[in-house]
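Novice: this one's sequence-less:
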């Protein structure tokens, strides 16, 4: 074989080897491509199956598979073959199908970004969130809390306000899960939140300031919901949770004077103070979260259904004042346009303003009930408002109130001291009678009544004026702790008359006293002791242990009132001082013991007047008791 033939065979072998090499590489690339294609098709099939599952969820017997929170991931092998835009569109499609499965007709407003907006006037700034379209903050501009911050009556992450109702017969929607579109008026005095579901169905909430201070019109409107809200269960449940935040100096005292009030359509007001719930039995007109000096009230222009309840929770370890939960019911009438007109009243507890609402809301101020309440509403509050219209110093106002009240009671006070003086003059004769009949109590009583009658003395005359003045004192005890006019008003050493003065204080807590001593409370106690001592000198009616009880009463009041408002203990102290002045003036210029003694002797010399029916019955009863004692004493004792 020549040299050319050898070269030809070698080149042919190289070509054959190169062919098979290239063929093998091409075949391998083709297999890889087919495998990738198959993987892509499998991934797409899995995604399609997942989408179909979202459209038609599988419901097992007694167990529903929920996919609302399940994320349908796009496999990495598929992502590598798709563009970024294609991946974004596929992910968006998956999310939309998820939301549609969970929210149904509400899926169009189930996604968004939470934004805050506000409306305000000179008195209040109200902040809203578009997620749920409800109030998240209500700041009263003219007031500060004890620490100097704003008074915000709807603050805190735990606060809730939402509507719950069934749609498509078996699904439940919560309005706090929906994103509304806010539309504020040009003057910034009103705002509307719109959730457009499409196909003519719109959920609206509108807030607008009114001409009345602190009053906000609030209307909820359901348009085109006749085929959305379940006809089998057409109930819209309004859930309102308001966690009252601390505003005052003493959290415990603020909690004591904070309650959850409500009124039915007939004007009957009730409240819940302690932990637990209270169910409504009649249609409800308004519900008020009442703090010591402020309130947040939801008012129905018509009424809420008789169903529902209120619930209160708090304990001594809570950082908040009270947690107030309210559940109100509305019945959807099935009409195309269903509106619920309501109002928000977020305001200080001013008696005149609340009374002008003509809804019975003034009852949230602790004026007391019955005769005590009548004294406060018809005497104390009008007098207080009249004085505060002329004087800005509330310490001086309380002083003038005390003087006016004491002056009005002067005729009764005079009779009281006159009766005490008569008893003082008669004391020697009374002592003689007590000594003479000390072993015969029935006879002792008869002789004392006989002496009183002859002398023309009423032994109860000194007590009746005091008893008549007690309702006024009790009325002050009820009113002052909730009077917002006294809040953060300073006087002398007290920087806030609505709470205790504590210039004497310490770190630890002492039982019954706390961590402070109120100077006004000390002055009240000392003046009360001096008042009792002065009365003891004027009359000798109380003997033995009763004297000790008289002195213990002011001490008991010291422990009881040490944490009470300075205005209250200051009033008590001033009342005692004015009483001292009255007593000294009457005794110095109007009462003479010698003249009284002479008058008594003249009365004793006169023919005895015919006894009154009560006096005759009392004397007959005492005589009957005396006879029974004599019979028992004369009976022979039985031998044992």
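Specialist: Perfect, thanks for sending it. These numbers come from a predicted model, not from an experiment.
Novice: So residue 517 versus residue 502, what's the distance?
Specialist: 8 Å (Cβ to Cβ, to the nearest Å). For glycine as for every other residue, the C-beta is placed from the backbone atoms N, C-alpha and C.
Novice: Please identify which of the two sits among more neighbours.
Specialist: The neighbour comparison of residue 517 against residue 502 (other Cβ atoms under 10 Å) goes to residue 502, with 22 against 18.
Novice: Find the residue closest to the more buried one in space, skipping its chain neighbours.
Specialist: residue 516 (3.7 Å; Cβ to Cβ, 6 or more residues apart in numbering).
Novice: could you point out which element follows the helix or strand harbouring the one you found?
Specialist: Using DSSP states H and E, residue 516 maps to strand 514-517. For strand 514-517, the following helix or strand on the C-terminal side (DSSP H and E) is helix 519-538.
Novice: just checking, what packs against the following helix or strand past that next one?
Specialist: Sequence-wise, the next helix or strand downstream of helix 519-538 (DSSP H and E) is helix 545-561. With contacts defined as 3 or more Cβ pairs under 8 Å, 6 or more residues apart in numbering; DSSP states H and E, the packing partners of helix 545-561 are helix 519-538, helix 566-589.
Novice: Could you list the buried residues of helix 545-561?
Specialist: By neighbour count with 16 or more other Cβ atoms under 10 Å, helix 545-561 contains the buried residues 550, 554, 557, 558, 561.
Novice: Flag the least confident of these.
Specialist: In this model, the minimum pLDDT among the buried residues of helix 545-561 belongs to residue 550 (72).
Novice: just checking, it touches residue 532?
Specialist: Yes: Residue 550 lies in contact with residue 532 (Cβ atoms under 8 Å); the separation is 5.0 Å.
Novice: Walking through the stretch 101-250 of the chain, point out its strands one by one.
Specialist: All strands of the stretch 101-250 of the chain, identified by DSSP state E, counting those that start in this stretch, fall at 116-120, 124-129, 134-144, 150-152, 160-167, 171-174, 181-184, 190-198, 201-209, 215-223, 235-243.
Novice: Kindly state the pLDDT recorded for the residue nearest to residue 502?
Specialist: The model's pLDDT for residue 516 equals 86.
Novice: residues near it, how many?
Specialist: Around residue 516 there are 18 residues (other Cβ under 10 Å).
Novice: tell me the domain boundaries of this protein?
Specialist: 40-59+68-111, 112-365, 375-607 (automatic domain parsing).
Novice: weakest of those domains in terms of mean pLDDT?
Specialist: domain 40-59+68-111 - the lowest mean pLDDT of the domains of the chain, at a mean of 56.
Novice: how close does residue 374 sit to residue 596?
Specialist: On the measure of Cβ to Cβ, residue 374 and residue 596 end up 37 Å apart.
Novice: of these two, who's got more company?
Specialist: Between residue 374 and residue 596, residue 596 has the larger neighbour count (other Cβ under 10 Å), namely 18 against 14.
Novice: which ones are touching that one?
Specialist: 418, 421, 422, 425 (Cβ atoms under 8 Å, 6 or more residues apart in numbering).
Novice: For the first one, which non-adjacent residue is closest in space?
Specialist: Meaning residue 418. Residue 418 sits nearest to residue 591 (Cβ to Cβ, 6+ apart), 6.2 Å away.
Novice: List the pairing partners of the strand holding residue 516 within its sheet, with orientation.
Specialist: Using DSSP bridges, strand 514-517 pairs in its sheet with strand 504-510 (antiparallel).
Novice: which residues sit against the partner strand?
Specialist: So strand 504-510 is contacted by 515, 516, 517, 519 (Cβ under 8 Å, 6+ apart).
Novice: let's see 10 Å
Specialist: 493, 513, 514, 515, 516, 517, 518, 519, 522 (Cβ atoms under 10 Å, 6 or more residues apart in numbering).
Novice: Using ChimeraX, make a named selection holding only the buried ones among those residues.
Specialist: To isolate the buried members of those in ChimeraX, using 16+ other Cβ under 10 Å:
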select :514,516,517,518,519
